[in-house]
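> need coordinates for the below:
(chains A, B, C and D)
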Protein chains: 4
Amino acid sequence: MIVEMRKGASKAEVDQVVKRARSLGFDVQLNCGTDMVVVAILGSNTGQVSTDVFAVLPGVEAVARIMKPYKLASREFKPQNSIVNVNGVEIGGQRIVIMAGPCAVESEKQITETARGVTALGARVLRGGAYKPRTSPFSFQGLKTKGLKMLARVREEVGVPIVTEVTDSRDVALVARYADVLQVGARSMQNFTLLQEIGKSKHPVVLKRGLSSTITEWLTAADYLLAEGNENVILCERGIRTFEESARFSLDICSLPVVKKVSHLPIIVDPSHAAGHFDLVPAIARAAIAGGADGLLIEVHPNPQEALVDGLQSLTLQNFEKLMVDLRKIAEAVGRYI
Amino acid sequence: MIVEMRKGASKAEVDQVVKRARSLGFDVQLNCGTDMVVVAILGSNTGQVSTDVFAVLPGVEAVARIMKPYKLASREFKPQNSIVNVNGVEIGGQRIVIMAGPCAVESEKQITETARGVTALGARVLRGGAYKPRTSPFSFQGLKTKGLKMLARVREEVGVPIVTEVTDSRDVALVARYADVLQVGARSMQNFTLLQEIGKSKHPVVLKRGLSSTITEWLTAADYLLAEGNENVILCERGIRTFEESARFSLDICSLPVVKKVSHLPIIVDPSHAAGHFDLVPAIARAAIAGGADGLLIEVHPNPQEALVDGLQSLTLQNFEKLMVDLRKIAEAVGRYI
Amino acid sequence: MIVEMRKGASKAEVDQVVKRARSLGFDVQLNCGTDMVVVAILGSNTGQVSTDVFAVLPGVEAVARIMKPYKLASREFKPQNSIVNVNGVEIGGQRIVIMAGPCAVESEKQITETARGVTALGARVLRGGAYKPRTSPFSFQGLKTKGLKMLARVREEVGVPIVTEVTDSRDVALVARYADVLQVGARSMQNFTLLQEIGKSKHPVVLKRGLSSTITEWLTAADYLLAEGNENVILCERGIRTFEESARFSLDICSLPVVKKVSHLPIIVDPSHAAGHFDLVPAIARAAIAGGADGLLIEVHPNPQEALVDGLQSLTLQNFEKLMVDLRKIAEAVGRYI
Amino acid sequence: MIVEMRKGASKAEVDQVVKRARSLGFDVQLNCGTDMVVVAILGSNTGQVSTDVFAVLPGVEAVARIMKPYKLASREFKPQNSIVNVNGVEIGGQRIVIMAGPCAVESEKQITETARGVTALGARVLRGGAYKPRTSPFSFQGLKTKGLKMLARVREEVGVPIVTEVTDSRDVALVARYADVLQVGARSMQNFTLLQEIGKSKHPVVLKRGLSSTITEWLTAADYLLAEGNENVILCERGIRTFEESARFSLDICSLPVVKKVSHLPIIVDPSHAAGHFDLVPAIARAAIAGGADGLLIEVHPNPQEALVDGLQSLTLQNFEKLMVDLRKIAEAVGRYI
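Numbering: from 1, shown residues only, chains lettered A, B, ... in the order given. Next up is the predicted model:
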């Protein structure tokens, strides 16, 4: 950490900064420039200390952080790529994994039809929400336990792993019984007690990026899962909130090379929630694969016009089929396959 | 809701829109312009139906919403201002309520000293966090139950109502035993199961605005509390996330007149989290009162340099004293008092 | 345009809305719902009228726009794709065009070396700034006329068309003498008198998206060029300003399918300014081609460590060579070529 | 500037950083921590050097800036508040200055009626646009020279100084002949050649903040004016672009204490453009005065329903009268007057 003292800061003020740094176990080096004194605070754990600890002291002008606040999710901590194994499906390896399915489980028929359809076309994980966090209390909230049971049945029948969202720390054990991968939604990314419960479960988990979270906050949230000993963490970029309104969210394509650079965790992309409209999904999906995504999480519904949730952003099976053809070509162009 | 058909949409496509609207119990009126057909869908519950229900149909170009998605929080639903009574302290009336205290409860001594200090200067509710949702798992997470007990003791001793955060649906009953007002933090604004539990508790609650939530989403989240029969809802503006970095968040001062216009709920402002730095707090606090806030939630610490959390944005008791002098003048200038 | 009247609006208020609409030459249809009256205002030019014209009238609750404010840039106005011809290089056709070169022209040697290098590797247009709009007045502002002359000389020598920025309406004629394509930078996107001068020149122009401009504003700015009779307009997505700081700007990948859907204009992508760091450029460039871009504008410098401007985001010729190999594969995967 | 070397950076790489810093005339101090080397680069002009100069070197992980890039606008450069004198009206002193008038000059009658009205109520500068930068080329673009002449006539008649916008560097001399204060609009904040022309004119100038400009960029743009010797610079906060849509822009109230802390320039607030709707204007105006603004720029129109531009955000004279009563009370509460 770099503490810049105000011009004219007294020796006593500088000493107080040094003393506090040493009391926390850090090394200190002083730079006495012509205009001001700069104190460098050194040590491998400075990332875990708030900059406020120094900024609040008298005579301090500003404090700049050098170490990132996340640790376990960083590539410095673990240089080689992590691969998450979901019942034999590897996420983060050379093969790109397509997860597809409806936003919400609506009926036995709907989820079975989708499962058969998307797996036949190359999807290797089935998505489907039983617990739906909805903006309004008057909207459909999901089939809950009933939906989980439908997912479990279709998993057995079709032989496909399931990813489904969990929204409450009380439900982690229950959902983990039925699902192969737990999903933490964007609105729950900083629900820290939920993260801790999932961390303890050691269950594979997709951690969606919060809609206004920085990449640094996202990786620090991943640290909550990793700190409990759960190494099966998959990141999912799904678009951030900006001023632009033509798509539902702005997919942050730059997050792909950034995450690959600073973290060892696999990262997938959800083009459907970013797009908000099915006819924007294919271009975003193609871009994601070209940009380095390890997988996609795509909404597919056998009959989007009748969908209870997010029908507008769901692909039909016909559209999904066309997309898969394109995605296989892009995957090959970047030296991978689907 | 207004459904704009694509140019050249067929009669069958228009009919399908009309049919779906009628199946949901709505009135329909057709506008056949020179260029395109526009379908107006009318009824008092259109706000509770997703625009996707129509946008997904063939031949539809766009769907615009006229009714807001929130209902119980709207001024149309309840034209007169709501006043929340917290053990005799009324929030939303002519008298402005100052809530003050440390970010986190750290010790018996710290919380008692602050409670005595701020109440002597005119604060009428004590704030203090026992459960601290922290970005990093390696940061201080609050004293939890031990902190709650300290708050309860100081409440008895000093005779001041307590507001404290609850972050997990499992803790609602526990925290409600010790606190007069529950606080839902910005990161929990869309933790819907938490909102439902607090709704059921009927306990007074401060609902902070999510750091990237629109006012519409905020009021729709309030509907989760109100729908469970909890009418003791206080909104709290605490700054939104923007590209500007000189303050920690950008306080959305416009939210004050907007909320007053569209909702009956009282609204307070947290200048400390928006500012991120104590020397920006007074100007924001003054502006909030002038802009129409019903109260403030301010961080005060007897010794910010030793604070475990957010010391940089905490006022000393001396600074708080000076601020209260200024705030009383502003309150008077807008025809209110503190 | 759809005008929603307030609940309980009087007949006189509704009549005033109708009267104003008719005075502007529009058709009107009334929808009298159970709760409120809605007035649909129809006509092919409603997009050119401000919503304020109606919103300001008494009894009006809200006004929603159906027609977009841009007209000449819209696909409705011109359904088939526009192709811009720059001395035989077609932009917007099946072949993807790579434009490459340094941020700023620095010397005869630097620009010639880059021009030879990038064209040998497949770039078909040379970029290079002679007028550099810089955030600080104390930064290098470009070689100006001297730089233009260097560009002209290298164009002749190497036989490559030139794209260069113009920042002042007074310089349009001058820059147009030396450059094949004028570039309007992000900070000038709404410099309307500059747009009008360039429009009159009929010169091919790259219109960069403003860093906080919506796609709608961008296309409406394009209307300034088109309205003067200049049909040689190329759009350039270069990233928008958001809260995320790991890249310099957030490239809005969704803008590619959105623009392709609503406009006939070709669109290219500048991955370098979005990235801000050379090692993020390849992933963004690949994603842009996969997402549907008609071309790229890439910063390449023979020796980025000595660059006067934006060295950090410039590729070396070696890195550019590697990137071109990858881009050719992606182009083929989407049925195009470079 | 603080240069953090990558873990394991070689001595040769560190030496190259040191060498480059010294070649630019800076002092250097090395901090060799347990994990990495940090190079502190010291000198009073480091703010004027791009961080890229070091970030581009091999072995460098990150570069953090300590000095701000603006210099002449900083309080360090000039500790005492600047006061701008406009024909005897002082901006930046204890007396708060209200500037009011229509968005656009529309007719002799309209501007005269407004000028008489607002000055009678306490406004001391008249605003009115002759050149209107409009998003669409099909919108009313202002009366231009004709409008300037109307402003000049009313100035003489009513005896009130005029502030009006200039949008093109070619028009600076012309507009300066008619106006007492030139206005640089938000979309022109980084039109650097325009800033330079105005700088040379030495004319008082209101520099509006760009709608997505950071405070640092805004003050650096002010440096363009100051660097030409024009010390009559007035900053104007008018709202920034965020995701929130209930107001037209989000007024950044925190910018007031931030600017007062880091700069010596006076700052006024435009509540009308931020609000976008007249009924939000009074609360924002009151908050601005309470937050420390040196003045306001308010849109007032004798008949907003007939306004050609921005009628929805314009106050009637009746509403302006009521607002002035409130503002005087707030001004007094903060120890100032109007």
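> domain ranges for chain A, per the record?
Each domain of chain A is listed here as a residue range: A:2-64, A:84-333, per automatic domain parsing.
> got those as CSV, with distance to residue D:7 columns?
C-beta coordinates here come from the backbone N, C-alpha and C atoms, glycine included. Formatted as CSV, the domains of chain A follow (distance: least, Cβ to Cβ, whole Å):
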stretch, distance to residue D:7
domain A:2-64, 10
domain A:84-333, 13
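> winner for burial among those?
Counting by mean count of other Cβ atoms under 10 Å in any protein chain shown, domain A:84-333 has the highest mean neighbour count of the domains of chain A, with a mean of 22.
> next one: that domain to chain centre, how far?
Chain-centre distance of domain A:84-333: 9 Å, with Cα atoms, centre = their mean, to the nearest Å.
> could you tell me the end-to-end distance of that domain?
In domain A:84-333, first residue to last residue: 24 Å (Cα to Cα, to the nearest Å).
> how about the residues of the stretch 151-300 of chain A by chain B?
Selection of the stretch 151-300 of chain A residues close to chain B by Cβ under 8 Å from any Cβ of the partner chain yields A:167-170, A:187-188, A:190-194, A:196, A:211-212, A:217, A:220-221, A:223-224, A:227, A:241, A:277.
> on that earlier part again, could the domains of chain A go into JSON lines alongside distance to residue B:258 and mean pLDDT?
Below are those laid out as JSON lines (distance: least, Cβ to Cβ, whole Å; pLDDT from 0 to 100):
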{"stretch": "domain A:2-64", "distance to residue B:258": "32", "mean pLDDT": "84"}
{"stretch": "domain A:84-333", "distance to residue B:258": "17", "mean pLDDT": "96"}
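> for chain D, which of those is the nearest?
domain A:2-64 (3.2 Å; Cβ to the nearest Cβ).
> any idea how far residue A:20 is from chain C?
With the distance defined as Cβ to the nearest Cβ, to the nearest Å, residue A:20 ends up 27 Å from chain C.
> again, but for residue A:134
23 Å.
> chain neighbours aside, what residue packs nearest to that residue?
Distances taken as Cβ to Cβ, 6 or more residues apart in numbering or on different chains place residue A:141 nearest to residue A:134, at 5.9 Å, with adjacent residues excluded.
> how close does residue A:201 get to residue A:290?
Residue A:201 is 34 Å from residue A:290, where distance means Cβ to Cβ, to the nearest Å.
> no, scratch that, I was asking about residue A:102
For residue A:102 relative to residue A:290 (Cβ to Cβ), the value is 26 Å.
> what do you get for residue A:202?
For residue A:202, the distance to residue A:290 equals 33 Å [Cβ to Cβ].
> could you double-check that residue A:276 lies in contact with residue A:246?
No: counting by Cβ atoms under 8 Å, residue A:276 sits too far from residue A:246 to count as a contact (9.0 Å).
> got the contact list for residue A:249?
Residue A:249 makes contact with A:211, A:238, A:239, A:240, A:241, A:242, A:273, A:274, A:276, according to Cβ atoms under 8 Å, 6 or more residues apart in numbering or on different chains.
> once you drop chain neighbours, what's closest to the residue of the stretch 101-250 of chain A found nearest chain B?
Nearest to chain B in the stretch 101-250 of chain A, going by Cβ to the nearest Cβ, is residue A:212, at a distance of 3.1 Å. With sequence-adjacent residues excluded and distances taken as Cβ to Cβ, 6+ apart, residue A:212 is closest to residue B:212, at 3.1 Å.
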